[in-house]
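A.B. asks: got a structure for you, letters missing:
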């Protein structure tokens, strides 16, 4: 069973499943996070939704580059978690199925191209405290144990 983090689903509310791929990007003892300014300011593991016809690995490469400006290599799946949330940018109540990967940041290609995103290198301990959802934090804690 895939673990759930965060608030449980509301009884009677319909949720649409939305799969996404997210990365823990570790380099030289630091973690690369993305900061998303809208719809509310939040630090996150870089990544996002898997588009139709796209594999999780393809989505991971695309989303990390859009949100951080970095090219990645050697992604390895660590696991998955679920969370139930409202996504105002899509006006959607979603059951997010989050596939988490460990990947190596290879090189920067430029600034993030995703509007409202910025890339930040932080210590692993800072990353655990900064990320905005408990699933991201749990996977980060698992990496620094």
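C.D. replies: Yep, that arrived. Not measured: the values here are computed from a predicted model.

A.B. asks: doesn't residue 49 make contact with residue 92?
C.D. replies: No: counting by Cβ atoms under 8 Å, residue 92 stays clear of residue 49, with 10.6 Å between them. Using the backbone N, CA and C atoms, a C-beta is placed for each residue, glycine as well.

A.B. asks: Quick check: neighbours shared by the two?
C.D. replies: Counting by Cβ atoms under 8 Å, 6 or more residues apart in numbering, the common neighbours of residue 92 and residue 49 are residue 18.

A.B. asks: avg pLDDT for the helix ranked longest in the chain?
C.D. replies: If you go by DSSP state H, the chain has its longest helix at helix 56-68. Computed over helix 56-68, the mean pLDDT rounds to 98.

A.B. asks: More neighbours: residue 92 and residue 49, which one.
C.D. replies: Regarding residue 92 and residue 49, a neighbour count based on other Cβ atoms under 10 Å identifies residue 49 as having more, with 16 against 12.
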